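**Student:** Need a 3D model of the sequence below.
(4 chains)
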There are 2 protein chains.
Amino acid sequence: MSSLRALAQTLGLSITTVSRALDGYGDVALATRDRVLAAAEAAGYRPNSAARRLRRGLTEIVTMVLPAGPGHFNEPLYLELLGSIGERLAEQGYDLTLIAALPGPDELKTYRRLVDGRRTDAIIVVRTRREDARLRYLTDVGFPFVAMGRSDFPEPYAFVDGDGEAAFHDAVLRLAALGHRRIGHLAAPSAFTFAHLRRSGFARALRQAGIFGAIIEGSADEAGGYRAAGLLLAQSAQPTALVCATDSMALGAMRAIRERGLIVGRDIALIGHDNIPAAAFSDPALATMELPIAATGRRLAEMALARIGGADPRDLTEIKPVEFISRASLGETRI
Amino acid sequence: MSSLRALAQTLGLSITTVSRALDGYGDVALATRDRVLAAAEAAGYRPNSAARRLRRGLTEIVTMVLPAGPGHFNEPLYLELLGSIGERLAEQGYDLTLIAALPGPDELKTYRRLVDGRRTDAIIVVRTRREDARLRYLTDVGFPFVAMGRSDFPEPYAFVDGDGEAAFHDAVLRLAALGHRRIGHLAAPSAFTFAHLRRSGFARALRQAGIFGAIIEGSADEAGGYRAAGLLLAQSAQPTALVCATDSMALGAMRAIRERGLIVGRDIALIGHDNIPAAAFSDPALATMELPIAATGRRLAEMALARIGGADPRDLTEIKPVEFISRASLGETRI
DNA sequence: TGGGCTTCCCAAAACGTTTTGGATCGCGTT
DNA sequence: AACGCGATCCAAAACGTTTTGGGAAGCCCA
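**Tutor:** Next up, the predicted model:
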C-alpha cells in the first residue's frame, strides 16, 4: 500500500526524489523535502525492509547464537544481555534475531546456514571456548562477528569480556586478608575460556599469598556446584572458603554445605560470580562479582555494527572490570 | 555469487526451470531436477532471503516482544521459552527476532513499527494484561499474533496459557488438607492476567474450604515478595502458609520470614510458581508449580505459523495443566 | 549571447527471487 | 493430415527499494 511509488504519485514527484528526500540527501530542495516528510508521516510510510535489504545487500539483522539446551540456556544473564543488545541495535534500525545451537558436531552447520544464506550481517558468538571452531570458521570466511568472551584463537577478533582472571585473583586475596588459609574453587568446565580464566586468577592468587587451595570442576549450574562442593567437603582438609565460578554453582554449593551441618558465612565463606537476582536473597545472601551486563550488551551491539561497517577487529577488544559485591556469605574476619 | 542466475548459466537452463526444480514443482523432468539439485548442492546454493521475501511478501520471521526493563526481563522462564520457540520455528525455515518494549504509552509504537514496516509475519505477545491494548491493536489491523497468557479482551485470539487458576486452587486445598487454617497469598500486580487468575484460584479455594486468608500484592520479583511478606507477617493473625504468585517472590518471602526468626517449612509453609532453577536449591527447597515451558514454546511457535497460514484463532487456544512440585518448604502435616 | 555552474529533479537499471502465461516438441488420435 | 494433449521448458513481469547518470532550469560572468 504505502510504497514509495504511491507516495510519489500523490506528491506529483518521482520515486527517486521521494526516496532521496526521505534519506536526507542534500540533493532535494528544502521545501520539497518538508513536503515529502509530511506526506510520509501522514501516510504512515515505512520502507519495505525486504526491498531495501535486497537492494542494499544488507539484512539489517544481527544474529545471536544461543548455546541452547539444558544447563546452558537458563542463565538469567543472557536474557538481560539480549535486551540491551536489542535496544542498542534498534537505535540503528537493526533487528536482533536469535538462533539456538548446541555445541557439538552440528554446531557449525547453524553458522554456515547463517552465512551462506546471507540471513544476517553479523553474528554474536557467546560462551566462547578456548578451542573454538566457530571463530576459526567465521574468520576464514571473513564474516563479521563479535564474541562475548575470549578464546585461545590466535587471529584478531572483536570481543567484550569481563576480567575474570583479575576478579578471582582479587577475591582470593580478600579471603586471605580475612584470615582464610585453605580456599577451594568450584570451577566450571575448563573448555570454556571464562572458566579457565577464573581458575587461573584463583591459582595465581594462591601462589601469591602462599596459601593452600583445591580445585574441583563441575557443570556451571546448581547441580554442578552441589556435586563439586560435596566432593571438596569430603576431603580431609576442609577449606574455610569457597570461590565458585558462577552464582548458580554457589547456590548449589550452599545446599551441599548445609547438608553437612556447616553454616555458610560462619564455617565456610562463599563467593559466586554473576550477581544473579537470586543471589541477593539466598540464606545467607551470596557475596558475588558482577560484570555490568547492560553495558556489555550495548558494547557488543556497537562492535557488531562497527564490524559490519568494516572496522578492524583489532580496535574492537574490551576487557571490562568486574565489581566485587560483599554480602553475608563472606562471613567475618577469621582467626 | 551463487545466485539462481549463475546456477542456470552453468546448467544451461533458464532461471525459471532451476527455481521450479529446486521448489519441487512437477513441472520439470526428473532427470533435470536431479541435475539441478546436484549442482545446487555442489555450489552450496542458498536462496537470497531478502529477494524471496520481497517477491513472496513474507518475511519468514516471527517476532517476540519482550517486556524489557528492570524486574521484567530477568525471568529465566523467558529464555527457555525463546529457545523452544526458536527451535520450532527453525524447523519451518522461520527466524525468531526479538524486540524489547516496555509497557507504557509508547508500547504500541513498537508494534506499529513491526506491522507497518512488514518486518515480521507474526507477533508473539507475552505478559498479557487484563486490559491489553496490544491485542486490540493487532486484532483491529488484522495482524497475525499469538499470546502467551490470557486477557479480558473479548474477541477471539490465539493463546497458550497455564491453568494458574486451577493450580492455585489446588495448592490451597493441599495446604488445607495438611491442616493449615490461615493462608496468605503474595499476589503479583493484578493488571497482569496471570496474577489475577492465580489470585482467583486462591480465593475460590479459600471459600470452598471455608478457611481464612489474606492477600497482599507486590511486584513479581524477589524484592516484591520480600516486601509483601513483610507486610503480611506484621499482621496480628499470622498465616501458617504462604502461596506466592512466582518463585522469585517466594524467594524474597523466604528472606522476610527468616528475618523474623521463623523457619520456612516448620513455622510457615511456602509455595511458589514457575520452578525456576534456584527454587530447588533454596533453603529449604521451594515447593512450586510448573508449566512445561519447552512444550509451551513449541505450541506458541506452531500457533504463530498456523495464524500466518490463515488459521482461525478460535481453533488456537490452549490452557495447559500446571504440575505441583512438592519440596521441603511445604513442611509436614500441621496440627 | 553563450558558456559554465548550481540546484533540483527524474528515468531506468539493478538487487535475486517467484510466478504468469505461454512456447515447443513429440506422440497418439481422429 | 490435422488435431489435441501432456511433458518440458522459458521469457518477462513483478516485488519496492537505492543508485547511477544524467537533464532542465536558472543564474552569473565574460
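**Student:** I'd like to know how far the residue in the stretch 151-300 of chain A positioned nearest to chain B sits from residue B:326.
**Tutor:** Proximity of the stretch 151-300 of chain A to chain B (Cβ to the nearest Cβ) peaks at residue A:278, 3.9 Å away. For glycine as for every other residue, the C-beta is placed from the backbone atoms N, C-alpha and C. Distance check for residue A:278 against residue B:326: by Cβ to Cβ, to the nearest Å, it reads 21 Å.
**Student:** quick one, which of these two is more surrounded?
**Tutor:** A direct count of neighbours by other Cβ atoms under 10 Å in any protein chain shown for residue A:278 and residue B:326 places residue A:278 higher, at 26 against 11.
**Student:** Quick check: the more buried one touching residue A:246?
**Tutor:** No: under the criterion of Cβ atoms under 8 Å, residue A:278 makes no contact with residue A:246, lying 11.8 Å away.
**Student:** What is the burial count for whichever residue of the stretch 201-335 of chain A sits closest to DNA strand D?
**Tutor:** In the stretch 201-335 of chain A, the residue that lies nearest DNA strand D is residue A:309 (13.5 Å; Cβ to the nearest atom of the strand). Residue A:309 has 10 neighbours, counted by other Cβ under 10 Å.
**Student:** contacting residues for it?
**Tutor:** By Cβ atoms under 8 Å, 6 or more residues apart in numbering or on different chains, residue A:309 lies in contact with nothing.
**Student:** and it, how far is that from residue A:29?
**Tutor:** Taking Cβ to Cβ, one finds residue A:309 at 30 Å from residue A:29.
**Student:** ditto for residue A:136
**Tutor:** 53 Å.
**Student:** Over to residue A:57?
**Tutor:** For residue A:57 relative to residue A:29 (Cβ to Cβ), the value is 30 Å.
**Student:** hmm, back to that, so what's the residue of the stretch 151-300 of chain A closest to chain B closest to, chain neighbours aside?
**Tutor:** Spatial nearest neighbour of residue A:278, chain neighbours left out: residue B:278 (3.9 Å); criterion: Cβ to Cβ, 6 or more residues apart in numbering or on different chains.
**Student:** in stretch A:205-220, what counts as buried?
**Tutor:** Across stretch A:205-220, burial judged by 16 or more other Cβ atoms under 10 Å in any protein chain shown covers A:205-206, A:209, A:211, A:213-220.
**Student:** Does chain B have contacts with it?
**Tutor:** No: legend: contact between stretch A:205-220 and chain B by Cβ under 8 Å from any Cβ of the partner chain is lacking; minimum distance shown is 11.5 Å.
**Student:** Any chance you could list what contacts that stretch?
**Tutor:** A:71, A:168-173, A:176, A:180-190, A:192, A:195, A:199, A:202-203, A:224-225, A:227-229, A:231-232, A:235, A:237, A:239, A:245-246, A:248-249.
**Student:** got it, and stretch A:257-269?
**Tutor:** A:175, A:178, A:180, A:229, A:233, A:238-242, A:254, A:270, A:283-284, A:287, A:328-331, A:334, B:283.
**Student:** Quick one: end-to-end distance for that stretch.
**Tutor:** From its first residue to its last, stretch A:257-269 covers 10 Å (Cα to Cα, to the nearest Å).
**Student:** any idea how far residue B:47 is from the residue lying closest to residue A:101 once chain neighbours are set aside?
**Tutor:** Distances taken as Cβ to Cβ, 6+ apart place residue A:110 nearest to residue A:101, at 3.9 Å, with adjacent residues excluded. Distance from residue A:110 to residue B:47, counting by Cβ to Cβ: 17 Å.
**Student:** And for residue A:80?
**Tutor:** 35 Å.
**Student:** Between these two, tell me which one has more neighbours.
**Tutor:** Between residue A:80 and residue B:47, counted using other Cβ under 10 Å, the more crowded position is residue A:80 (21 against 17).
**Student:** Do I have it right that that one meets residue A:297?
**Tutor:** Yes: contact status for residue A:80 versus residue A:297: in contact at 7.3 Å, counting by Cβ under 8 Å.
**Student:** Spell out which helix or strand contains the closest residue to DNA strand C within the stretch 51-200 of chain A, please.
**Tutor:** Relative to DNA strand C, the nearest point of the stretch 51-200 of chain A is residue A:55 (3.5 Å; Cβ to the nearest atom of the strand). Assigned by DSSP states H and E, residue A:55 falls within helix A:49-56.
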